[in-house]
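Student: with the sequence up front, the predicted model follows.
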Amino acid sequence: MTTIAAPAPPRRVSLSSSTRHGLSLAWRGVLKIRKNPEQLADVTLAPIIFLVMFVYLFGGAIMGSTESYLQMIVPGIMVFNILQASMTVGVQLNTDVTKGVFDRFRAMPIARSAPLIGAVLADIVRYLVCLVVLMVVATIMGYRIQTGPAEFALAILLVIAFALSFCWASVFVGMLVKSPGAVQGLMFVVLMPLTFGSNVFVGTSTMPGWLKAWADISPVTQMSDVLRGLMNGGPIAGPLTGALIWMAAALAVFFPLATWAYRKRV
């Protein structure tokens with residue numbers, strides 16, 4: 001009796017096939033969200049909690065009125081919440097690895113990076129839910145967009161692209177550490193200084209010199225200023241250039257690292 005070995009998955013896959021594999025696995029991720037809508041709990045509750053908490057607790061103290069603070073904080077808190085949402089993908093991927101899901105992917109004739117790309121693309125649904133909830137609540141609270149629909153649509157596209165660029169840091173950590181809890185803890189340690197060391201909640205003029213120097217050039221500040229310009233009115237050329245440079249750097253650094261860590265892990 002002879003045993004016929006299963007054909008090994010190809011090591012090199014064309015770009016079109018890689019794209020198709022990634023989109024197929026992205027659809028798998030969307031179906032998981034549809035079957036388990038509780039996965040959206042963080043992107044539906046967090047925007048409400050943070051917006052209400054910061055506006056009504058600190059708005060009067062920081063800007064003298066909650067109405068003025070609301071106009072300032074909504075674009076910034078979009079960046080804050082979308083970054084939080086983008087960090088969850090590392091936890092989910094780590095969970096799939098520990099449960100053996102990636103063992104099945106490894107035996108399939110698909111691109112090695114397809115499971116990672118699929119998980120990241122599926123997260124766009126979470127980003128959209130987060131932004132919709134945030135804007136609905138902000139509108140109820142009194143926020144009004146001062147520009148047109150085209151500028152607002154561009155703001156949404158840019159903040160989603162921002163999340164897709166920086167989520168690869170979460171993917172890298174998710175492939176590197178051993179447990180989902182460790183991913184969440186490490187990303188929290190990174191996310192909090194990154195977001196609070198910016199102009200999302202307060203201006204940078206009153207910060208100590210060393211902190212102001214960082215806050216003025218941080219990716220969160222740059223993207224927040226872009227969204228403020230597109231939604232409240234104002235120049236965006238400088239902040240947009242800075243944000244695009246940060247996004248390109250994040251992709252250039254963390255996408256290769258995430259792919260390397262994935263190959264080492266599985």
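Tutor: Cool, got the structure.

Student: run the chain-centre distance for whichever helix or strand residue 244 is part of.
Tutor: Using DSSP states H and E, residue 244 maps to helix 237-265. Its chain's average C-alpha position is 12 Å from that of helix 237-265, according to Cα atoms, centre = their mean, to the nearest Å.

Student: just the buried residues of it, please?
Tutor: For helix 237-265, burial by neighbour count (16 or more other Cβ atoms under 10 Å) applies to 239-240, 242-244, 246-247, 250, 254-255, 257-259, 261-262. C-beta here means a position set from N, CA and C on the backbone, and glycine is covered the same way.

Student: so where's the chain shaky on pLDDT?
Tutor: The model of the chain has pLDDT under 70 over residues 1-18, 21-22, 101-113, 266.

Student: ranges for the helices of it?
Tutor: Ranges of helices in the chain, per DSSP state H, are 15-35, 41-63, 66-86, 88-98, 101-106, 114-141, 149-176, 180-196, 209-217, 219-232, 237-265.

Student: tell me the most buried of those helices?
Tutor: Among the helices of the chain, helix 219-232 has the highest mean neighbour count (mean count of other Cβ atoms under 10 Å), at a mean of 24.

Student: what lies in contact with that helix?
Tutor: Helix 219-232 is contacted by residues 71-72, 74-76, 78-80, 83, 145-147, 151-152, 154-155, 158-159, 162, 166, 194-195, 197-200, 204, 215, 234-236, 238-240, 242-243, 246-247, 250 when judged by Cβ atoms under 8 Å, 6 or more residues apart in numbering.

Student: same question for stretch 35-45.
Tutor: With Cβ under 8 Å, 6+ apart, stretch 35-45 has contacts from 32-33, 81, 84-85, 88, 126-127, 129-130, 133.

Student: now these as a markdown table including distance to residue 118?
Tutor: Formatted as a markdown table, the contacts of stretch 35-45 follow (distance: Cβ to Cβ, whole Å):
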| residue | distance to residue 118 |
| --- | --- |
| 32 | 11 |
| 33 | 13 |
| 81 | 23 |
| 84 | 21 |
| 85 | 17 |
| 88 | 15 |
| 126 | 14 |
| 127 | 15 |
| 129 | 18 |
| 130 | 20 |
| 133 | 24 |
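
Student: which one of those is nearest residue 60?
Tutor: Distance to residue 60 across the contacts of stretch 35-45 (Cβ to Cβ) is lowest for residue 81, with 22.2 Å.

Student: could you dump stretch 75-90 to CSV, C-alpha only?
Tutor: Extracted C-alpha coordinates of stretch 75-90, given in CSV (Å, rounded to 0.1, in the frame of the first residue of the first chain):
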residue,chain,number,x,y,z
PRO,A,75,-12.2,65.2,14.2
GLY,A,76,-9.4,64.3,16.7
ILE,A,77,-11.5,61.7,18.5
MET,A,78,-12.2,60.1,15.1
VAL,A,79,-8.5,59.4,14.9
PHE,A,80,-8.4,58.3,18.5
ASN,A,81,-11.2,55.8,18.1
ILE,A,82,-10.1,54.5,14.7
LEU,A,83,-6.7,53.7,16.1
GLN,A,84,-8.2,51.9,18.9
ALA,A,85,-10.4,49.9,16.5
SER,A,86,-7.3,49.1,14.3
MET,A,87,-5.4,47.5,17.2
THR,A,88,-8.0,44.8,17.7
VAL,A,89,-6.9,42.9,14.6
GLY,A,90,-3.7,41.7,16.3
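
Student: distance from the chain centre to that stretch, please.
Tutor: 5 Å.

Student: stretch 36-44 too?
Tutor: Chain-centre distance of stretch 36-44: 15 Å, with Cα atoms, centre = their mean.

Student: start to end distance for that stretch?
Tutor: 14 Å (Cα to Cα, to the nearest Å).

Student: stretch 189-203 too?
Tutor: Note: stretch 189-203 ends 22 Å apart using Cα to Cα.

Student: now for the nearest residue to residue 137 once chain neighbours are set aside: which residues touch it?
Tutor: Computed as Cβ to Cβ, 6 or more residues apart in numbering, the closest residue to residue 137 that is not its neighbour in sequence is residue 48, at 5.3 Å. Residue 48 makes contact with 133-134, 137, according to Cβ under 8 Å, 6+ apart.
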